[in-house]
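> coords please:
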Amino acid sequence: MAEKNRYGRPTIRSGDPRTGSSTPENPLVQIIKKAASDCPPIDSLKRVNDLSLKFEQEHPDTLVIQCSDGRYTNIVSELMESNGITRYDVMAMPGGPALLDMANASIVQSEACKAGTSFLIRGHNTKRVWLLAHSVCGYYKYNLNGWILQI
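Prediction:
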């Protein structure tokens, strides 16, 4: 008769044919192995020009507060570049600038946004702040009584 665990189910030991392997593998190890097998070989990755990796000591003088919706990341970059701004700090959170409004954001959300914004403005000597929202933002839809920003 098979040994049972405290829940009355049969205990499976390593080496048991029911496990499919002789040693149990940690689920995290399985995930890492799967991710590694899905990655392209290093030789096929594009080489990055060494000049593009140069770290610039001076902080940008512009801060962009935007929604974290990844569908708008490239659009924001294009908008900033079209206005002559190529380097800027970014605070990206669901709802973006809506989190600065204490009437609509929770106290925790609003305080976190204000703390991050204050740090960047003081610590990076920010001169310009852009508040960018986008149409059909889920934050507005679900947190502001179904109201959706239409631009």
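
> and the helix or strand of the chain with the lowest mean pLDDT, how far out from the chain's middle?
Every helix and strand of the chain was ranked by mean pLDDT, DSSP states H and E. The lowest is helix 27-38, at a mean of 74. Offset of helix 27-38 from its chain centre (Cα atoms, centre = their mean, to the nearest Å): 21 Å.

> Tell me which other helices or strands it touches.
For helix 27-38, there is no helix or strand it packs on, judged by 3 or more Cβ pairs under 8 Å, 6 or more residues apart in numbering; DSSP states H and E. All C-beta spots, glycine's among them, are computed from the backbone N, C-alpha and C.

> Val64 looks like it's in a helix, true?
No - assignment of Val64 by DSSP: H, G, I helix; E, B strand; the rest coil gives strand, placing it outside any helix.

> Name the SS class of Thr126, please.
coil.

> In this structure it contacts Thr62, no?
Yes - Thr126 is in contact with Thr62 according to Cβ atoms under 8 Å; the separation is 6.9 Å.

> tell me the strands in the protein, going along the chain?
For the chain, strands defined by DSSP state E occupy the ranges 62-66, 89-92, 128-132.

> Deepest in the core, which of these is it.
strand 62-66 (a mean of 22; mean count of other Cβ atoms under 10 Å).

> can I get the strands of the chain in JSON lines with distance to Tyr140?
Shown next, in JSON lines, are the strands of the chain (distance: least, Cβ to Cβ, whole Å):
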{"stretch": "strand 62-66", "distance to Tyr140": "13"}
{"stretch": "strand 89-92", "distance to Tyr140": "16"}
{"stretch": "strand 128-132", "distance to Tyr140": "13"}
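
> With mean pLDDT added, can I get those in CSV?
CSV is the format used below for the strands of the chain (pLDDT from 0 to 100):
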stretch, mean pLDDT
strand 62-66, 94
strand 89-92, 93
strand 128-132, 93
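
> so where is the protein shaky, pLDDT-wise?
Within the chain, the stretches with pLDDT under 70 are 1-2, 12-25, 39-54, 144-151.

> Sweet, I'm off.
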